[in-house]
Every structure is written in structure tokens, then in C-alpha cells.
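# have a look; sequence and predicted model below, questions after that.
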Amino acid sequence: MSTAIVTGAAGGLGGRIGERLAAAGHDLLLVDLDPAVEEVAAAQGARAVVADLTSPAGVEAVVGAAGDDVAVLVNNAGITRDARATKMTEAEFAAVIDINLTAAIRLTLALEPRYREGAAVINLSSRASLGNFGQANYSASKAGLVGFGRALAQRWAPRVRLNAVAPSLVDTPMTQAMPPDVLTKLVARIPAGRIGTPDDVAGIVAFLASPDAAYITGQVIYACGGRTVAP
Ligand SMILES: NC(=O)c1ccc[n+]([C@@H]2O[C@H](COP(=O)([O-])OP(=O)(O)OC[C@H]3O[C@@H](n4cnc5c(N)ncnc54)[C@H](O)[C@@H]3O)[C@@H](O)[C@H]2O)c1
């Protein structure tokens, strides 16, 4: 059976994405730094790898478990370290770039010999790739994912498709950690009038992974409740 790999699968979005890909018939390999991924995998009948994807050894562990028939890779692991750009420390900048961008690039490339014909790589970008105050590191990492994916989409077509999904705010531990008053103000700017759910995003990922998206590569889908068209 073909393998679908989801990174950051112990988190709010990754777990739901895994469920949708398992329902589409893939053999799931769930990856996270957090050992809780083992319980998530057990509940879904999936395999788990506990690994820090910022280390080459972590990437090797995933490649070793991936097998030779990789149909889907979802680069979903990510963090925020928000601060005003001029006050942002070198460590805050590097930590975000390391996992959100560099680790995704490393894993995508390391799996190159293992993708099946028609495989799909889906990068979790963000509406923040267009620029967010207090998130220079995060915005750069998410814009970088789009550029990387578009560059490889040309090179790897037609064997492997690469696309990105760019949510605005989704109700997960990442946004639950934000000050509630800040979150309320930001949600008020979303034309859809509500925060996104993990399902709002997981359905788009499942679509991009499916044969229905066979003619789509190098694209970004903004799953953001219309935030990109708001003033
Ligand atoms: N929640 C949102 O509002 C939102 C919006 C836009 C984009 N995104 C993106 O979606 C993705 C998933 O976010 P989420 O909301 O589910 O966040 P989350 O914090 O719930 O999950 C992120 C997961 O990534 C894992 N991770 C972090 N560093 C890692 C490392 N070095 N190695 C392996 N795993 C690591 C964490 O352990 C965690 O389980 C992220 O890339 C995030 O930037 C989220």
C-alpha cells in the first residue's frame, strides 16, 4: 500500500490531516517531536516516528521508515516565536526557519528516490507568508515554503506535484496559546466571521493529495475564510 507521511502529526492540524489521508486508503506514517504522536498513530492504525526534524538524524529516521512507495508527504510541523522584528533574537529567527522551512526542504529532498509516479507534496504555508506584524521569522519561513515548492514543481513534474495550503487562523494549540483578546481582534478581520477548524484545512490537503488534483502543481490555496481579500 502507498505511504502518506504527515509531519507535526501530534498537533491540531496534523492529526486531522492524518485521519483524512487514512480514509483515502493510504498507509499512514505520522512524525512528531512530541511522543504523543504514538498515541495519535495507535488510534488511527498508523505507524509513528518520534523525531526532531531539525536534525539530519531525525530526517534519516523518517526516510528509513518511509518505504519505497511514498504517495504523499505533508510538511506540517511548525512553530511560532513571535516578536517585533527589531527585537527578535537570532535564536528566535533561526528556530522558526529551521523547522518551518529548512527541515521541510531536507525531508522533501531526502525522499526524492522514494516518491511513486503521481506523488503529492503538500506544504503547510500560511496567509502570514504575505506579511504579518510581529512574525518576520514566521512570514519568511512560510513564504520560503511557497518559493521552494514552486521551484521543485517545475523540476519534478510530472512525477511529483508540489502545492501549498495557506490558512489564516485555525483553532489548534498554536492559536490557543495566543492572548485571547489578540485572537478575538484577529478573527474579527476574517470575512467568514469565524476561526478556521482543522477540518477546513485537512479537506484541502486531502484534495491536493488526491487524483482529483492531478493537474494542479506549484499552486497555493488560501484556506483562510477570505482573509486575503479583507481590507
Ligand atoms: N493554527 C494556525 O492558525 C495555523 C495557521 C496557518 C498555518 N499553520 C501551520 O500549520 C502547521 C500545523 O500547525 P498547528 O496549528 O497544528 O500547530 P500545533 O502546534 O498544534 O502542531 C505543530 C506540531 O509540530 C511539531 N513540531 C514542532 N517542532 C518540531 C520538530 N523540530 N520536529 C518534529 N515535529 C515538530 C509539534 O510538536 C506539534 O505537534 C504549522 O506548520 C503551522 O505553521 C497553522
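All right, it came through fine.

# packing partners of the strand ranked longest in the chain?
Longest strand in the chain by number of residues (criterion: DSSP state E): strand 115-124. Judged by 3 or more Cβ pairs under 8 Å, 6 or more residues apart in numbering; DSSP states H and E, the packing partners of strand 115-124 are strand 70-75, helix 136-156, strand 160-165, helix 198-209. All C-beta atoms are positioned from the backbone trio N, CA, C, and that covers glycine.

# mean confidence score for the third one?
Put plainly, it is strand 160-165. For strand 160-165, mean pLDDT rounds to 98.

# then the next helix-or-strand element following that strand to PDB, C-alphas only?
Per DSSP states H and E, strand 160-165 leads on to helix 173-176 as the next helix or strand towards the C-terminus. Only the C-alpha atoms of helix 173-176 are listed here, as PDB (Å, rounded to 0.1, in the frame of the first residue of the first chain):
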ATOM      1  CA  PRO A 173      -2.800  24.500  20.200                       C
ATOM      2  CA  MET A 174      -0.800  27.100  18.200                       C
ATOM      3  CA  THR A 175      -3.600  29.700  18.300                       C
ATOM      4  CA  GLN A 176      -4.900  28.600  21.700                       C
END
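
# what element comes up after helix 173-176 heading to the C-terminus?
Per DSSP H and E, the first helix or strand lying C-terminal to helix 173-176 is helix 180-187.

# that next one: which residues count as buried?
Neighbour-count burial for helix 180-187, with 16 or more other Cβ atoms under 10 Å as criterion, is recorded at 183, 186-187.

# so can I have TSV of those showing pLDDT and distance to residue 166?
As requested, the buried residues of helix 180-187 are exported to TSV (pLDDT from 0 to 100; distance: Cβ to Cβ, whole Å):
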residue	pLDDT	distance to residue 166
183	95	19
186	95	15
187	96	17
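
# ok, back up a step: which parts of the longest strand of the chain are buried?
Across strand 115-124, burial judged by 16+ other Cβ under 10 Å covers 115, 119-124.

# wait, does it contact the ligand?
Yes - using Cβ under 6 Å from any ligand atom, strand 115-124 reaches the ligand at residue 124.

# try stretch 181-190
No - shown here: stretch 181-190 not in contact with the ligand (Cβ under 6 Å from any ligand atom), separated by at least 9.5 Å.

# go ahead and flag the most central residue of this structure.
Closest to where the C-alpha atoms of the chain average out (Cα atoms, centre = their mean) is residue 76, at 2.3 Å.

# nearest to the ligand: which residue in this protein?
In the chain, the residue that lies nearest the ligand is residue 11 (2.0 Å; Cβ to the nearest ligand atom).

# can you list the buried residues of helix 180-187 in JSON lines and add distance to residue 93?
Below are those laid out as JSON lines (distance: Cβ to Cβ, whole Å):
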{"residue": "183", "distance to residue 93": "24"}
{"residue": "186", "distance to residue 93": "22"}
{"residue": "187", "distance to residue 93": "27"}
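
# give the contact list for the residue of the chain closest to the ligand.
Contacts for residue 11 (Cβ atoms under 8 Å, 6 or more residues apart in numbering) come out as 32, 34, 76-77, 172-174.
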